[in-house]
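# Below is the structure, and that's it, no one-letter string:
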Ligand code: ADP
Ligand code: MG
């Protein structure tokens, strides 16, 4: 451990107890090391000023020189605001403070000239700058060239730790740096990879003496970050491999063979065969399987899961399949029951809507082992559900289950059951490598034969009548149509309204008795939902109006048109999932994205991407570009991802480089044996201790 980096931040000149507490609370900065790793997100040239006239055309924060005019208080109570006018030679703009009014009116002087730094916001038709940083002109340090702009928060700003305040304490820290940072990479590697020293990198990223030094510093620090991330992942994988004993499924007997030879409804695709082989190899060796199966919507993941469950049965174990929604669990239950109809296997369905009375026999069957397969929702995780010998858990559409929920499945047995996770959200390789460090990944990269690519078009609301006309043509041909409305999480009422309005409009355009319509939404009781769903599945209704409850997994091959209303409100992966509900039969399928005429830049890109490609991996790449990795994996995981500078997509090449590099020194053991890796070993063991659970997926 490095004592300097571990020094509590309170000891830094200019910090003190109050600021230290706030830094810890707001930004998790507790030590010198934390502050050193709190990086600028951009730089300003201190000698450059913008003008107020230019503000509407600038996208970023601005630096202005001007005079302060008139304070004014408006509003009352919580809505109370302090306003001021700031003017330069080109115009004036309003400044606004929501907090700290007394301090501001005391320290700022009307009529004085200030340097202002802040980000302007559009408010109605005019602009203002909330909580700007103001420095009296005579105190501005005009010599300092480039300065880092640091992330801060409102509370920190109130205590003088806005970006500039943070820059100041950071520069104090950087002055203490000399000789305090252990170089983690041996010289020959730094030379070989053209990397500057670690200490120099820290110095230059915070206090660049020349703008040219910034990219080198960032590159070195990204390298550091990704290299240690990969070392950590490889190390964890090693540990879990050594610990990871699992049940041995060495036999392939009647269940598997009979099904494969007599009941398989179609030949497996090559990709399905390969993945089944990969799974078999895992469970055959007595290693604990922890495998993610990625396969685009419709690629046939269910069948792979079923075959794996049959292997478990052949070896005397029970298997469970867990789905994220009731509808999906039911559908799996029906599909699998049908496929196994002629086989002596007991399958049960357990979801939230199964009554207490009906649960008892299910619990019994699981406990005494007469039930071999259990299919259900997270109801499977309840304590009363105990298995005789659970050997395998399949989790469908994994991203909907939290890590904690998954961990609970483990506790149901002495040895952990094998885990197979199926997801249709394709994750780019660089991301998968990092997020699923200790998970093996299989990819079903082939669709069953005979699928026609779905034709996707983008229409605006003004074209709705033509869309209705198209629906009528398709229905006349005997097809069925989905119309999906977005789920508006913050406002359930709004969601229902837009769905109901849509339903009414469609009912008017598609009147009885010629047309029959189903409707499904989240506020319905499971029984009603199921009833409506089944009517559509059986072909009794031609149109299914729904919110995204139908997003995942639902399989109605005769449905060939997917209309997505308010398409601009959906994320790319959701749009792709929804589109995957059609294109499951032999007919040509269509997806129509209906949006408002005006779209944000991002919205436009999403529509264009959907129209351009059906490839889930390509869509995931664009999604990642638009949203960043944290958002994609869910907030829970993003918080755990220890990356400050690197972007797993934009820095994909560096991810691969550091991965290969880390692997080579671990595999040839030089990392453990050679003295030049001493500092790196120390750092790695600190990281492993600091994040004991990081990277553990199930
Ligand atoms: P997903 O991967 O999206 O879960 P499913 O498992 O639901 O996909 O399969 C989609 C459809 O493809 C189902 O109707 C299934 O019966 C069919 N299917 C699966 N595998 C094959 C195959 N090898 N050949 C033909 N059809 C298949
Ligand atoms: Mg599925």
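Happy to help now that I have it. Keep in mind the model is a prediction, meaning the values are calculated, not measured. Ligands and ions are numbered 1, 2, ... in the order given.
# which phi and psi does residue 352 have?
phi -60, psi -30 (degrees, to the nearest 10).
# Tell me how many other residues crowd it.
Neighbouring residues of residue 352 were enumerated by other Cβ atoms under 10 Å; the total is 12. (Glycine included, C-beta is placed from N, CA and C.)
# Report how many residues lie close to residue 660.
10.
# Doesn't it belong to a helix?
Yes. Per DSSP: H, G, I helix; E, B strand; the rest coil, residue 660 lies within a helix segment.
# tell me which residues of stretch 257-276 are tucked away?
258, 259, 268, 269, 271, 272, 274, 275, 276 (16 or more other Cβ atoms under 10 Å).
# which residue of this protein sits farthest from its center?
Centroid-distance maximum for the chain: residue 111 at 49.1 Å, with Cα atoms, centre = their mean.
# In contact with that one, which residues?
Neighbour list for residue 111: 67, 68, 69 [criterion: Cβ atoms under 8 Å, 6 or more residues apart in numbering].
# how about the buried residues of stretch 257-276 in a markdown table, adding distance to ligand 1 and pLDDT?
Listed next are the buried residues of stretch 257-276 as a markdown table, based on distance: Cβ to the nearest ligand atom, whole Å; pLDDT from 0 to 100:
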| residue | distance to ligand 1 | pLDDT |
| --- | --- | --- |
| 258 | 18 | 95 |
| 259 | 14 | 96 |
| 268 | 5 | 96 |
| 269 | 5 | 96 |
| 271 | 9 | 95 |
| 272 | 6 | 97 |
| 274 | 12 | 96 |
| 275 | 11 | 96 |
| 276 | 11 | 96 |
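# what's the closest non-adjacent residue to residue 525?
Closest residue in space to residue 525, ignoring its immediate chain neighbours: residue 353 at 8.0 Å, by Cβ to Cβ, 6 or more residues apart in numbering.
# That neighbour reaches residue 326, doesn't it?
Yes. Using Cβ atoms under 8 Å, residue 353 is in contact with residue 326, at 6.4 Å.
# who touches both of these two?
Joint contacts of residue 353 and residue 326 (Cβ under 8 Å, 6+ apart) are residue 526.
# which regions of the stretch 451-600 of the chain sit below the pLDDT cut-off?
Within the stretch 451-600 of the chain, the segments meeting pLDDT under 70 span 487-496, 549-554.
# Can you show me the helices along it?
In the stretch 451-600 of the chain, the helices defined using DSSP state H, counting those that start in this stretch lie at 464-476, 492-509, 526-537, 572-579.
# Residue 380 is nearest to which of those?
helix 526-537 (15.9 Å; Cβ to Cβ).
# picking up where we left off before, nearest to ligand 1, of the helices of the stretch 451-600 of the chain?
Nearest of those to ligand 1, taken as Cβ to the nearest ligand atom: helix 572-579 at 9.3 Å.
# first to last residue in stretch 40-58, what's the distance?
20 Å (Cα to Cα, to the nearest Å).
# how far is that stretch from where the chain is centred?
Distance of stretch 40-58 from the chain centroid (Cα atoms, centre = their mean, to the nearest Å) equals 32 Å.
# Kindly report the same for stretch 336-343.
On Cα atoms, centre = their mean, the centre of stretch 336-343 falls 36 Å from the chain's centre.
# which residues are contacting that stretch?
By Cβ under 8 Å, 6+ apart, stretch 336-343 touches 255, 258, 259, 262, 263, 265, 302, 306, 321, 347, 373, 375.
# residues of it that come out buried?
336, 339, 340.
# of those, list those near ligand 1.
Counting by Cβ under 6 Å from any ligand atom, nothing from those sits close to ligand 1.
# Pick the one among the residues you listed closest to residue 446.
residue 339 (20.7 Å).
# what's the pLDDT at that closest one?
The per-residue pLDDT reported for residue 339 equals 95.
# do residue 113 as well
95.
# which residues touch it?
With the criterion set at Cβ under 8 Å, 6+ apart, residue 113 makes contact with 65, 66, 67, 136, 137.
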